[in-house]
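Q: Sequence and predicted structure, then a few things I'm wondering about:
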Amino acid sequence: MKLLPSLAAGFAGAVVLTAIHETVRHLRPEDAPRMDVLGMRGLRKLLGKADLPQPDNDTLFGMTMAGDILSNGLYYSLVGSGRHALRRGALLGVAAGVGGVLLPGPLGLGEAPSNRTPQTQAMTVAWYTAGGLVAGAVAQALRKGR
């Protein structure tokens with residue numbers, strides 16, 4: 001696995017995922033997944049446990065977006081740069097989407113942001129899958145370009 005192409009592919013998937021989330025939450029506020037809310041809740045919890053000061057909402061949102069792109073980019077970089085990157089991207093995306101629906105409640109972050117309606121659940125899985133597919137497609141394109 002080549003590190004740079006894998007990271008480039010992973011971050012491409014993460015940027016697309018974040019762009020979808022941020023665009024649709026403005027267009028469909030009634031049922032769009034709010035992964036930003038989950039991220040901000042998680043970050044507030046971590047800062048509280050570390051006894052660090054709580055940032056204002058705008059700063060918290062920016063930190064959350066940066067953290068989302070970083071963590072999702074690293075996650076999607078697991079598609080690698082070898083064969084079957086598109087398939088791995090799809091599987092990673094589905095796994096992340098299902099986790100995004102099932103894990104927030106047990107983690108104490110609340111269920112509504114990703115589990116509010118069947119449409120919210122479907123969008124969560126679909127968008128993470130789209131991010132994985134983008135990562136896989138970019139990995140394949142970079143591999144062919146070598």
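A: On my side now, so go ahead.

Q: ok, Gly132 - how many residues close by?
A: Burial of Gly132, expressed as a neighbour count using other Cβ atoms under 10 Å, amounts to 32. Any C-beta I mention is one placed from the backbone N, CA and C, and that applies to glycine too.

Q: cool, and Gln54?
A: Count around Gln54 with other Cβ under 10 Å applied: 11.

Q: Can you report phi and psi for the spatially most central residue of the chain?
A: When Cα atoms, centre = their mean is applied to the chain, the residue found nearest the centroid is Asn72 (4.7 Å). The phi and psi values for Asn72, taken as degrees, to the nearest 10, are phi -70, psi -40.

Q: List the contacts of it.
A: With contacts defined as Cβ atoms under 8 Å, 6 or more residues apart in numbering, Asn72 is in contact with Gly10, Gly13, Ala14, Leu17, Thr18, Ala96, Gly131.

Q: buried sites along stretch 83-99?
A: Along stretch 83-99, the positions that meet the burial threshold by neighbour count (16 or more other Cβ atoms under 10 Å) are Ala85, Leu86, Arg88, Gly89, Ala90, Leu91, Leu92, Gly93, Val94, Ala96, Gly97.

Q: pLDDT score for the fifth one?
A: Per-residue confidence (pLDDT) for Ala90: 97.

Q: how close does Ala85 sit to Leu4?
A: The spacing between Ala85 and Leu4, counted by Cβ to Cβ, to the nearest Å, is 14 Å.

Q: thinking again about what came up before, tell me which of the buried residues of stretch 83-99 is nearest to Val125?
A: Taking Cβ to Cβ as the measure, Val125 sits nearest to Gly97 out of the buried residues of stretch 83-99, at 3.3 Å.

Q: Quick check: pLDDT value at that closest one.
A: 97.

Q: Low-confidence stretches in this structure?
A: Residues of the chain meeting the criterion pLDDT under 70: 1, 146.

Q: can you rerun that using 80?
A: Counting by pLDDT under 80, the chain contains low-confidence ranges at 1, 81-82, 145-146.

Q: one step back: quick check, nearest of the contacts of Asn72 to Leu78?
A: Of all the contacts of Asn72, the one with the least separation from Leu78 (Cβ to Cβ) is Gly10, at 7.2 Å.
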